[in-house]
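Participant: Using only what follows, build the 3D model:
(2 chains)
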Amino acid sequence: MVICVKNKKEEEKFVIQVQNITKKYGSFTALDAINFEIKEGEIVGFLGPNGAGKSTTMNIITGFIEPTSGKVIVDGNDVSKKPKKAKQQIGYMPEGVPLYGDLTVKEFVTYMAEIKGVKRKEKKEKVEKILEETGLLDVKNKLTKNLSRGYKQRVSMAGALVGDPKVIILDEPTVGLDPKQVTEIRALIKDLGKNHTVILSSHILSEVSQICNRVIIINKGKIVAVDTPEHLEQKVIKDNSIYVTVEDPENKMLKIKEKLEKVEDIKLISQNEDKTKKYIITAEKDVDLRKSLFETLAKEGITIFEMKKADATLEDAFMQLINKPEEGGKE
Amino acid sequence: MWSIFKKEFKSYFLSPIGYVVIGIFLFVFSVFFYLTTLEYGSVDLGSLYYYTALYGLMIIAPILTMRMFAEERKAGTEQLILTSPISMIDVVFGKLLAAIAVIIITLLISFMYFFIVLYFGTPNITVLLVNMLGFVLVSSAALSIGMFASSITENQIIAGIITIAFLIMSLFIQDLNNVFSNLAIMNFYQKFPSGVISLTEVVGLLSFTAMFTAFTIIVMQRRKLVK
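Facilitator: Next up, the predicted model:
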C-alpha cells in the first residue's frame, strides 16, 4: 500500500512509469517484473546485450506489445486502457527503421503527422519545421527507399518527432551508421533532449555515457542497474583493483586468494578466445598487490599476459553487472 | 481514416498494382463484352458485369488486397501504425475504401462499353447503374475477404492464395450443401444483372463485408497480445 500512495504523489513528475512489467513467450520470460520511472526532460539509455529485452521494453511502452502483466503509464495515461492519449505523447523510432519505400520523405512525414492527428492547419508548417530540424530539407522530395541508411534513420526520427510528443523513444538509433553519421545523429539526439524526454536503447556503452543522463542496464529481462553513467563508473572503481589476463589451464586462479595476503576478492570477468582469462582482483585499502601478485602467479605456473591497475569505465561496470549471477535483479 | 485512405490509394498508383488491376479488369470486361453483348447483338449490359464480377474478382481481389497488412507486417511499418494514436477501425476502413476506390475507377472507365452499345442501340442506363452498384458491393465483399487473409499472415503470396482459394471454393461449395450457399458471394449478385435492387442481396453483401472487416479489426487489435 505504501508504494501505491507514493506513486500517486509522484505521478506528476514522471512522464513514464513502468510498473511490474512481465512479458512471457510461452515458458520463456523475456521481461521479468521490471520497474522504473522516467522524469520529464531526461535522456535515458537502455543498455544491455542483444536479446536482453531492450526492444521488448520499448515495444511495451509504445503499446505495440501488450505485457503479460504489469502496466505502463505515459503522462498519466495507462497505455493499455487509454492507448490513444498515451500514444499521442510518444514518438517512436522502431528498430530497423521501417519506412514506406514508395513515399517521398515529405510525404512520409506528412503521413505520420496525419495518423498522429496533427491538425490540418498546422500540418504543413510542422512538417516543414521538422524536416528542417532533422536536416532533411535537401532530400525531402526523394523516395525514402533510395536514401542512405543515415538519412533513413533521420526520416524515421522525423516521423517520431512529428506531432510534438513529450517522449521520444529511439530503438538503436545509431546501428548501421558510419562514424560521421553516428556523430551527427548523437548531436541530433542531444538537441532533442532539450525539449523532449528521450529514451534510447543501445549496446554501445560510450554512446550511452556521452548522451544520457541516466542509464538503465538490462540483462536477461531484468534491470541490473539504474544510475547515472558517472555513478556507475564510480561504483566499480575500487581503489585497489587490478585486472590480470592470464593463461590458466588448471584453473588455479581462484585458489590464489589463499596464497596472497590482503586480497579481498578475485572475480572472473571474461574468457577470451585464446583461452586466456581476465580477472579482477581487489585488495584491501592502500595495498599495491602488483608485485606480490606477479611473484605468486609465477610460482604457481600461471602465465600473466597483461596486468593493469583498474581504471574503471562504464564498460567495466557493464561487464561486471551483466556477469553477476542471479542476485542482480534486486537493484 | 481519410489519411490512411489517401496514402493507400496513392500507393496503388505509385506501384504498378493500380494500373495492373485496371488493365486486367478492362481485359476481362472486354472479353465478356464481346462474348455477352457484341456476339449476340444484345444491348443488355447486365451479364457483362455479372461475368466480370464472377471471374474478374477472382484475380483482382487478391492482387488488390494481398499487400494490405502482410506487407506492413513484413516491412515493420505495422509498428508505426500500431504505435500511433490512430484507431484500428480507421486503418482497416481506410485500406478497404482505398481498394474499393480502385474498383470504382475501373467502373467509371467501363462506361465506355455503355457508349459503344449506345452507338448501335439503346441500352438501359438504370440497369447499368444498378449493376455498377451491385458490382461495388460484391467487390467490397471479395476485398474484405482478401483484407482479412492479408491480416493473418506476413506472407503476401499466402494471403493472395487464401483469397483465390476462398473465391474459387465459393463457386462450388453450394453444390456440396445449401448451408454453405451464403458463403458464395455471387449468390448475392443474382438480381442486380437484370436491374433489380434486392434488399436481401444488398444486406447480404454488406453484412458479408462487415463480417470480414470486423474479423480484420479484431485480428489487428489482437496483434499486440500475440506479438
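Participant: Residue B:80: neighbour count?
Facilitator: 26 (other Cβ atoms under 10 Å in any protein chain shown). No exception for glycine: its C-beta is placed from N, CA and C like everyone else's.
Participant: Likewise for residue A:123?
Facilitator: Residues lying near residue A:123 (other Cβ under 10 Å) number 17.
Participant: same question, residue B:67
Facilitator: Residue B:67: 22 neighbours (other Cβ under 10 Å).
Participant: and if you look at the one 5 residues further on?
Facilitator: Applying other Cβ under 10 Å, we find 23 residues neighbouring residue B:72.
Participant: and it, how far is that from chain A?
Facilitator: Look at residue B:72 and chain A: by Cβ to the nearest Cβ, to the nearest Å, they are 8 Å apart.
Participant: Touching, that residue and residue B:81? I think so.
Facilitator: Yes - look at residue B:72 against residue B:81 with Cβ atoms under 8 Å: they come within range, at 6.8 Å.
Participant: what sits up against stretch A:60-78?
Facilitator: A:11, A:14-24, A:31, A:33-34, A:56, A:59, A:79-80, A:83, A:85-87, A:89-90, A:92, A:94, A:166-167, A:169, A:199, B:79, B:82-83, B:224-225, B:227 (Cβ atoms under 8 Å, 6 or more residues apart in numbering or on different chains).
Participant: Tell me where the chain is predicted with low confidence.
Facilitator: Chain wasn't specified; assuming chain A. Scanning chain A for pLDDT under 70 picks out A:1-12, A:234-240, A:285-286, A:310-317, A:324-331.
Participant: ah, I was thinking of chain B
Facilitator: In chain B (pLDDT under 70), the answer is B:227.
Participant: Residues of it that sit close to chain A?
Facilitator: B:2-4, B:6-7, B:10-11, B:14-15, B:75-87, B:224-225, B:227 (Cβ under 8 Å from any Cβ of the partner chain).
Participant: before we move on, which element is residue A:21 in?
Facilitator: Here residue A:21 is covered by strand A:14-25, with elements defined by DSSP states H and E.
Participant: re the thing from before, please indicate which of the residues of chain B next to chain A are buried?
Facilitator: B:3-4, B:6-7, B:10-11, B:14, B:75, B:77-86, B:224, B:227 (16 or more other Cβ atoms under 10 Å in any protein chain shown).
Participant: how about the strands in chain B?
Facilitator: Counting by DSSP state E, chain B has no strands at all.
Participant: Now the spatially most central residue of it: closest residue in space that isn't a chain neighbour?
Facilitator: Taking Cα atoms, centre = their mean, the centroid of chain B lies closest to residue B:139, which sits 2.8 Å from it. Distance criterion Cβ to Cβ, 6 or more residues apart in numbering or on different chains; nearest residue to residue B:139, sequence neighbours excluded, is residue B:103 at 4.6 Å.
Participant: so what's the one you found up against?
Facilitator: B:25, B:60, B:64, B:135, B:136, B:139, B:143.
Participant: right, and residue A:21 touches residue A:33 too?
Facilitator: Yes - counting by Cβ under 8 Å, residue A:33 is a contact partner of residue A:21 at 7.2 Å.
Participant: one step back: just the buried residues out of the contacts of residue B:103, in PyMOL syntax.
Facilitator: Entered in PyMOL, the line below selects the buried ones among the contacts of residue B:103, by 16+ other Cβ under 10 Å:
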select buried, chain B and resi 25+60+64+135+139+143
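Participant: Closest one of the contacts of residue B:103 to chain A?
Facilitator: Here the nearest of those to chain A, counting by Cβ to the nearest Cβ, is residue B:64; it sits at 15.9 Å.
Participant: State the distance from the residue lying closest to the closest one once chain neighbours are set aside to residue A:73.
Facilitator: Leaving aside its chain neighbours, residue B:64 sits nearest to residue B:99 (4.6 Å; criterion: Cβ to Cβ, 6+ apart). Residue B:99 sits at a distance of 38 Å from residue A:73 (criterion: Cβ to Cβ, to the nearest Å).
Participant: neighbour count winner among these two?
Facilitator: residue B:99 (28 against 22).
Participant: now the contacts of residue B:103 in JSON lines, with distance to residue B:157?
Facilitator: Putting the contacts of residue B:103 into JSON lines (distance: Cβ to Cβ, whole Å) gives the following:
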{"residue": "B:25", "distance to residue B:157": "21"}
{"residue": "B:60", "distance to residue B:157": "16"}
{"residue": "B:64", "distance to residue B:157": "15"}
{"residue": "B:135", "distance to residue B:157": "27"}
{"residue": "B:136", "distance to residue B:157": "27"}
{"residue": "B:139", "distance to residue B:157": "22"}
{"residue": "B:143", "distance to residue B:157": "18"}
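Participant: of all the contacts of residue B:103, which two lie farthest apart?
Facilitator: B:64 and B:135 (14.2 Å; Cβ to Cβ).
Participant: Please enumerate the helices of chain B.
Facilitator: B:2-14, B:17-32, B:46-51, B:57-65, B:70-75, B:78-82, B:88-109, B:111-120, B:125-151, B:156-176, B:199-226 (DSSP state H).
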